[in-house]
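Q: fold the following and give me the result.
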Amino acid sequence: MSLYRESTSLTSLSPLDSARITGIDHGIAGQLFGYGIYPGAVVELQQKFPGYVIKTDETEIALESGIASKIRVVRI
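A: Numbers count the residues shown, from 1 in each chain. Prediction:
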């Protein structure tokens, strides 16, 4: 079993999957930081349709698919 896990896009998660953020496109990172979305944060995908809704700590945020696709995660 490898200790290294491949990162994937947030959009590849299924609802109720938890993941740790490993990277965010530089163009949107500053906008998301204030919502608790930054590398190292743990998020849970709440829904995928009609938009992506993620929960981190006690904050839920809705994201368009274009934004969600720029967030890299590792399932936990």
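
Q: now the least confident helix or strand in the chain by mean pLDDT - C-alpha only, CSV.
A: Ranking every helix and strand in the chain by mean pLDDT, DSSP states H and E puts helix 26-33 at the bottom, with a mean of 93. Below are the C-alpha coordinates for helix 26-33, written out as CSV (Å, rounded to 0.1, in the frame of the first residue of the first chain):
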residue,chain,number,x,y,z
HIS,A,26,-3.8,30.9,-7.9
GLY,A,27,-6.4,33.0,-9.6
ILE,A,28,-9.1,32.0,-7.1
ALA,A,29,-7.1,31.1,-3.9
GLY,A,30,-7.4,34.6,-2.3
GLN,A,31,-11.1,34.7,-2.8
LEU,A,32,-11.7,31.3,-1.1
PHE,A,33,-9.3,31.8,1.8
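
Q: and the next helix or strand after that helix, what's buried?
A: Once helix 26-33 ends, the next helix or strand along the chain (criterion: DSSP states H and E) is strand 42-47. The neighbour-count check on strand 42-47 (16 or more other C-beta atoms under 10 Å) flags 43-45 as buried. (Glycine included, C-beta is placed from N, CA and C.)

Q: just send those residues back as JSON lines, with distance to Gly51 and pLDDT too.
A: Output for the buried residues of strand 42-47, formatted as JSON lines (distance: C-beta to C-beta, whole Å; pLDDT from 0 to 100):
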{"residue": "Val43", "distance to Gly51": "15", "pLDDT": "98"}
{"residue": "Glu44", "distance to Gly51": "15", "pLDDT": "98"}
{"residue": "Leu45", "distance to Gly51": "11", "pLDDT": "98"}
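
Q: mind putting those into JSON lines with distance to Ala68?
A: Below are these laid out as JSON lines (distance: C-beta to C-beta, whole Å):
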{"residue": "Val43", "distance to Ala68": "10"}
{"residue": "Glu44", "distance to Ala68": "13"}
{"residue": "Leu45", "distance to Ala68": "9"}
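
Q: phi, psi of the residue nearest the centre of the chain?
A: For the chain, the residue sitting closest to the mean C-alpha position, by C-alpha atoms, centre = their mean, is Leu10 at 4.7 Å. The phi/psi pair for Leu10 (degrees, to the nearest 10) reads phi -50, psi -30.
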